Each structure stands twice: as structure tokens, then as C-alpha cells.
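Peer 1: Have a look at this prediction, sequence included:
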Amino acid sequence: MRVRFGYVAQALSIWDGSTAKTLTFTRWSKMKKTEREDKLKEVTFTNLQNTMRAIHYNIAHQIHLYRMSSSIVPLATHPEAKWPYRDIFAEEFAKIGKLVKEANMRVSLHPNQFTLFTSDKEHVTTNAVTDMEYHYDMFEAMGLTDEGVINIHVGGSYGDKSAALERFYKNIKKLPADPKSCMTLENDDKTYTAEETLDVCQHEHIPMVFDYHHHWANLSETPLEDLLPKIFATWDNHPFPPKVHISSPKSDKDFRHHANFVDMAFLEPFFQVVHDMNIDFDVMIEAKEKDRAMLALVDDLSRIRGVKRIDGSTLEW
């Protein structure tokens, strides 16, 4: 069993390396027209450059899994502030994509919690489609539509989970085929369990990202050893191995919040189950310390008897 590890958005080991510097609509709207354009270009260029820095950092540390920031382009989907970022930064996007491909790096994007398809409000679904198209647009600008995935949650229940799921199946039809082809779904920590999310993924033929921390915050009735083989099977027709999100609770009181690093004891039941499955998979670390937490976990796991470290972020059992 071979497992690769990655982290989210910003390498904290890089000085001033944020890939999600912002420009709010309120601030933008108070600027003169020329100032607006210049500021959008400035912030976006910085985010793109820092994304490139993070990818170089990943290559140097042999990290093969990376979630890019969804906020690379500020105000990209705001109806009053849309602008031709792809044309302006075509060269930068292309360079990022070329570097990712050359490194054979697996990349992803994760829109925020408002990108959902269970709402009974039409504008929420319209906004979700727009946001998914923006994320696909970035991958397309990078030439990474075959390499990248866009991961979201199923959505809310609004007091009636069955009705909400019916709306999901109806509303998801409004999503164009291209962004849907890159789409994955993840179980959440409050509403849709891993088992319920798996049902949706099987119904829509969408790969499922299993979040271990969310699973313990929102338990399924079916045991993990019965669920995981079915979840991993949703990736059978995908070019990449199954993907898992891992973090550990900040505390018993703040169980849903991510800790700075990953607690090995919290992970033990998961690795016991997957070891018996003997399937290669990828792990995205969602701890607050990002790359530092990922590298620390790889170090810790590599000390276990029977575990061999293949490179900077890959282990073999």
C-alpha cells in the first residue's frame, strides 16, 4: 500500500507566501475605475506568483499532492466586478500548469461552503454554477482540466434531508458537463454523513473524497471497514487513486475545529482499516499548520515498524 500526502493552499514555510490575498467588493467599489483595475491585477499577480512559489517548494520537498487556493483571482465571480483575468494572466496560468504537469503533481480546488446544490432558492444554485465554472475556468487556463478536481460538499438539509437531496439531483443538472466532470463530493461534519454522501456519489457517478475527521464528527451507521471499500470504488474510472482528507480535532470541546497538527492516536483506527484493504490512495492534510503539519505527520508515520518512506511525502506499508 502506497500513500502520498499533501497540504492546502499556502506553504507556511515560505515567507509572505499567501496565495489568497484579497480585495473586497466594498474596497473595490470605493476606488476610481483605473485604480480598480490596477489593484485587481496587483493582487492576482501576487497570488499567482505565490502559487508558483508553493509549487516549486512542493517539487523541492517531493510533495505530489497540492490544493490550490480558490481565491487566486479576487472578485472573479462578482456580477459587478467580473474582469478578463484569463486574458491578462494567460502566461502566468500557463506556466503554473506546465510546472504541475512536468512534476506529475495532483492538484485540486475546494470552493467555499456556499457552493451547494440543495437550496430551494434559484439564485443560490445560479451562484453555485457560476462558482464551479470559475474554478473550472482556472484549471482550463492552466491546461489542467484532466489533472484537477473541484471538491464540494452536498449542502444543507433545510429541515428535510430527503427533499434537499431531491433538489440536489434536480439542481445539479444545471451544472455544465465540463465542471461536473472535474467534480468530487465530500462528507461533512454536521449534515451529510459519509454513507449519505456515498449514496449521492453513486447516484451521480461522482468520485467521493472521504474526510476522516468529519466522519467522526458526523458518524454513519455503517462501520468504516464496510464503507471505505465502496467509497474508494467511486474512483475506479478516474485516472487518480482515491483521495482522503485528514485532520484531527482541536479539542474535545472544539471537536469540529482543526488542530494545528495531526494526532497520530486519532488516526490509528483509520490506518488499521486501510492497511487491510491494501489499496494505494492520496491524503490531503487539513491541519492549521499546513505543510509543516504534513511533513511532521510523514515523519511520525515513517517511524512505524513496517512503514518505508519512499520520498519526501510518500510512504509504503
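Peer 2: Perfect, thanks for sending it. Predicted model, so just to flag it, every value in this text is computed and none were measured. Numbers count the residues shown, from 1 in each chain.
Peer 1: can you give me the helices for the chain?
Peer 2: 25-29, 33-60, 85-88, 90-102, 122-142, 161-171, 177-181, 194-204, 212-217, 224-233, 264-277, 290-302 (DSSP state H).
Peer 1: So which elements touch the fifth one?
Peer 2: With contacts defined as 3 or more Cβ pairs under 8 Å, 6 or more residues apart in numbering; DSSP states H and E, the packing partners of helix 122-142 are helix 90-102, strand 106-109, strand 149-153, helix 177-181. (Each C-beta comes from the backbone N, C-alpha and C, glycine too.)
Peer 1: Present those as CSV; the columns should include mean pLDDT.
Peer 2: Formatted as CSV, the helices and strands packed on helix 122-142 follow (pLDDT from 0 to 100):
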stretch, mean pLDDT
helix 90-102, 98
strand 106-109, 98
strand 149-153, 98
helix 177-181, 97
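Peer 1: Reformat those as a markdown table; add mean neighbour count and distance to Leu219.
Peer 2: Putting these into a markdown table (neighbours: other Cβ atoms under 10 Å; distance: least, Cβ to Cβ, whole Å) gives the following:
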| stretch | mean neighbour count | distance to Leu219 |
| --- | --- | --- |
| helix 90-102 | 17 | 36 |
| strand 106-109 | 23 | 25 |
| strand 149-153 | 24 | 17 |
| helix 177-181 | 14 | 29 |
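Peer 1: Of these, which is nearest Leu12?
Peer 2: Leu12 sits nearest to strand 106-109 of all these, at 18.6 Å, using Cβ to Cβ.
Peer 1: Parallel or antiparallel, which strands does that closest one pair with?
Peer 2: Using DSSP bridges, the strands paired with strand 106-109 are strand 65-67 (parallel), strand 149-153 (parallel).
Peer 1: For it, list the C-alpha coordinates in CSV.
Peer 2: The C-alpha coordinates for strand 106-109 follow below in CSV (Å, rounded to 0.1, in the frame of the first residue of the first chain):
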residue,chain,number,x,y,z
ARG,A,106,-2.1,16.1,-8.4
VAL,A,107,-3.9,19.3,-7.8
SER,A,108,-7.4,20.3,-6.6
LEU,A,109,-9.6,23.2,-5.7
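Peer 1: Any chance you could list what contacts it?
Peer 2: 4, 6, 64-68, 70, 100, 135, 138-139, 144, 147-151, 184, 240, 243, 282, 284 (Cβ atoms under 8 Å, 6 or more residues apart in numbering).
Peer 1: For PyMOL, what selects the buried ones among those residues?
Peer 2: Buried members of those, defined by 16 or more other Cβ atoms under 10 Å, are picked up in PyMOL with:
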select buried, resi 4+6+64+65+66+67+68+70+100+135+138+139+144+147+148+149+150+151+184+240+243+282+284
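Peer 1: who does the longest strand along the chain touch, helix- and strand-wise?
Peer 2: Taking DSSP state E as the criterion, the chain has its longest strand at strand 2-8. Helices and strands touching strand 2-8, by 3+ Cβ pairs under 8 Å, 6+ apart, are strand 65-67, strand 281-285, helix 290-302, strand 314-316.
Peer 1: What is the second one packed up against?
Peer 2: Okay, so that is strand 281-285. Secondary structure elements in contact with strand 281-285, counted by 3+ Cβ pairs under 8 Å, 6+ apart, are strand 2-8, strand 65-67, strand 243-246, helix 290-302.
Peer 1: any chance of these in JSON lines, plus mean pLDDT?
Peer 2: Conversion of the helices and strands packed on strand 281-285 to JSON lines gives the following (pLDDT from 0 to 100):
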{"stretch": "strand 2-8", "mean pLDDT": "98"}
{"stretch": "strand 65-67", "mean pLDDT": "98"}
{"stretch": "strand 243-246", "mean pLDDT": "98"}
{"stretch": "helix 290-302", "mean pLDDT": "97"}
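Peer 1: would you list those in TSV and tack on distance to Pro179?
Peer 2: Output for the helices and strands packed on strand 281-285, formatted as TSV (distance: least, Cβ to Cβ, whole Å):
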stretch	distance to Pro179
strand 2-8	21
strand 65-67	17
strand 243-246	18
helix 290-302	26
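Peer 1: Nearest to Phe168 among the ones you listed would be which one?
Peer 2: strand 243-246 (20.6 Å).
Peer 1: Quick one: end-to-end distance for stretch 276-289.
Peer 2: Stretch 276-289 has an end-to-end distance of 30 Å (Cα to Cα, to the nearest Å).
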